[in-house]
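[1] Turn this into a structure:
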Amino acid sequence: MSRRSIKPQTKQELAQSYGVTARTLTNWLNPHQEQIGKRQGHMYTPKQVQIIYEILGEPVNSDEDK
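    Predicted structure coming up:
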């Protein structure tokens, strides 16, 4: 896993870090919803983001330092 800390993120933020639309990200994540779990409000928890990174790989063009 990456050396940076993992922060809660919205679906839009995750999609942007992967360079895709939120709809495309949803399509990628749908088969893994049981493993990822439900979002807490509009945010994925740091644990859920970590699971997403394990499933999809860490985004190359991540803008975590904003």
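
[2] Residues touching the lengthiest helix in the chain, excluding its own?
    Determined from DSSP state H, the single longest helix within the chain is helix 46-56. Under the criterion CB atoms under 8 Å, 6 or more residues apart in numbering, residues 1-2, 5-9, 14, 18, 28-29, 32, 35-37, 39, 44, 59 lie in contact with helix 46-56. Backbone N, C-alpha and C define where each C-beta goes, glycine included.

[3] let's see 7 Å
    Helix 46-56 has contacts (CB atoms under 7 Å, 6 or more residues apart in numbering) with 1, 6-9, 14, 18, 28-29, 32, 35-37, 44.

[4] hey, where'd the strands end up in this structure?
    With DSSP state E, the ranges of strands along the chain come out as 9-10, 43-44.

[5] Averaged pLDDT, the longest helix of the chain. What do you get?
    On average, the pLDDT along helix 46-56 is 97.

[6] go on, stretch 6-20?
    Mean predicted confidence for stretch 6-20 is 96.

[7] Output it as PDB, restricted to C-alpha atoms.
    Listed next in PDB are the C-alpha coordinates belonging to stretch 6-20 (Å, rounded to 0.1, in the frame of the first residue of the first chain):
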ATOM      1  CA  ILE A   6      -5.800   7.500   3.200                       C
ATOM      2  CA  LYS A   7      -8.600  10.000   3.700                       C
ATOM      3  CA  PRO A   8     -12.300   9.700   3.400                       C
ATOM      4  CA  GLN A   9     -13.400  10.600  -0.100                       C
ATOM      5  CA  THR A  10     -16.600  11.100  -2.100                       C
ATOM      6  CA  LYS A  11     -17.400   9.100  -5.100                       C
ATOM      7  CA  GLN A  12     -16.700  12.200  -7.300                       C
ATOM      8  CA  GLU A  13     -13.300  12.600  -5.700                       C
ATOM      9  CA  LEU A  14     -12.400   9.000  -6.200                       C
ATOM     10  CA  ALA A  15     -13.600   9.100  -9.800                       C
ATOM     11  CA  GLN A  16     -11.500  12.300 -10.400                       C
ATOM     12  CA  SER A  17      -8.400  10.600  -9.000                       C
ATOM     13  CA  TYR A  18      -8.900   7.700 -11.500                       C
ATOM     14  CA  GLY A  19      -9.600  10.100 -14.300                       C
ATOM     15  CA  VAL A  20     -13.100   8.800 -15.000                       C
END
